[in-house]
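[1] need a 3D model of the following:
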Amino acid sequence: MDESSLTLIEKTFTFQECEDSQSLTVSIPEVLDSQYGMYVWPCAVVLSQYVWMAREELQNKTVLELGAGVSLPGVVAAKCGARVMLSDSAELPLCLRNCRRSCDANNLPGVPVLGLTWGRVSPELLSLTPLDVILGSDVFYEPEDFEDVLVTVSFLVRRNPHAQFWTTYQERSADWSIDALLHKWDLKCTNVPLEIFEANKTHLAGSTLPGNHTVQMMIITRKVF
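    Numbers count the residues shown, from 1 in each chain. Okay, here's the model as predicted:
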């Protein structure tokens with residue numbers, strides 16, 4: 001695809017706490033072409049709010065975002081002082097270039113962008129530095145991808161036993177469940193209510209995104225026997 005023909009629009013998001021004067025504003029380029037579809041979805045804003053509220057915990061921590069796309073959570077983590085790596089499928093070069101575009105828009109030239117395909121143990125996956133936090137926004141979108149996502153997460157938390165996978169998902173089906181897959185790959189999850197990190201708002205971070213009330217947040221970790 002000729003990238004010169006892409007229609008870009010920058011969206012601005014401002015994160016802050018109700019009783020705190022501190023705030024963070026980031027700009028995220030969206031690609032509006034119908035065949036491309038790199039948008040900021042509600043899950044990304046909710047996860048970014050959690051990252052913002054955990055900013056002190058993330059100082060100097062190493063963070064990897066999976067399926068980053070527009071990279072909003074990873075950009076927020078980097079702006080909060082984390083050492084961030086962004087990743088998307090090695091088979092989606094346009095998505096990888098979009099990760100870089102988001103870094104450029106927020107003056108983050110040193111953030112690595114990696115091609116990591118879920119479910120595949122690649123040289124890029126094997127050569128990752130030790131991780132503290134893994135981010136994933138709306139990675140549980142297509143049921144056929146669920147196990148591939150968790151295979152990758154399981155691999156990473158086995159290599160980094162104290163690492164946590166912070167992820168948000170949007171409820172799209174009553175049949176949606178990863179419980180059996182969590183058990184299969186020796187993982188456990190803790191649900192995090194949105195009100196705990198002030199994410200239960202209609203216009204979170206100044207966004208006009210609908211459906212925030214259907215977004216759920218959970219932390220997945222290695223099951224210890």
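[2] all contacts plus neighbour counts: C-alpha atoms, from now on.
    Will do.
[3] quick one, helices of this structure?
    Assigned by DSSP state H, the helices in the chain fall at 42-53, 55-58, 72-79, 93-105, 123-126, 146-159, 179-184.
[4] how about the ones you listed in JSON lines, adding mean neighbour count and distance to I196?
    Converted to JSON lines, these look like this (neighbours: other C-alpha atoms under 10 Å; distance: least, C-alpha to C-alpha, whole Å):
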{"stretch": "helix 42-53", "mean neighbour count": "25", "distance to I196": "9"}
{"stretch": "helix 55-58", "mean neighbour count": "16", "distance to I196": "15"}
{"stretch": "helix 72-79", "mean neighbour count": "27", "distance to I196": "18"}
{"stretch": "helix 93-105", "mean neighbour count": "20", "distance to I196": "28"}
{"stretch": "helix 123-126", "mean neighbour count": "12", "distance to I196": "33"}
{"stretch": "helix 146-159", "mean neighbour count": "20", "distance to I196": "25"}
{"stretch": "helix 179-184", "mean neighbour count": "14", "distance to I196": "23"}
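[5] tabulate those (CSV), appending mean pLDDT and distance to T14.
    Putting the helices of the chain into CSV (pLDDT from 0 to 100; distance: least, C-alpha to C-alpha, whole Å) gives the following:
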stretch, mean pLDDT, distance to T14
helix 42-53, 95, 9
helix 55-58, 96, 14
helix 72-79, 98, 10
helix 93-105, 92, 15
helix 123-126, 95, 32
helix 146-159, 96, 29
helix 179-184, 95, 34
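[6] and of these, who's closest to T214?
    T214 sits nearest to helix 42-53 of all the helices of the chain, at 9.1 Å, using C-alpha to C-alpha.
[7] for that closest one, packing partners?
    Helices and strands touching helix 42-53, as assessed by 3 or more C-alpha pairs under 8 Å, 6 or more residues apart in numbering; DSSP states H and E, comprise strand 8-16, helix 72-79, strand 133-137, strand 164-170, strand 215-222.
[8] go again with 6 Å.
    On a contact count with 3 or more C-alpha pairs under 6 Å, 6 or more residues apart in numbering; DSSP states H and E, helix 42-53 meets strand 164-170.
[9] and the angle for the strand it packs on with strand 215-222?
    With axes from the mean of the first three to the mean of the last three C-alpha atoms, to 10 degrees as the basis, strand 164-170 and strand 215-222 are set at 150 degrees to each other.
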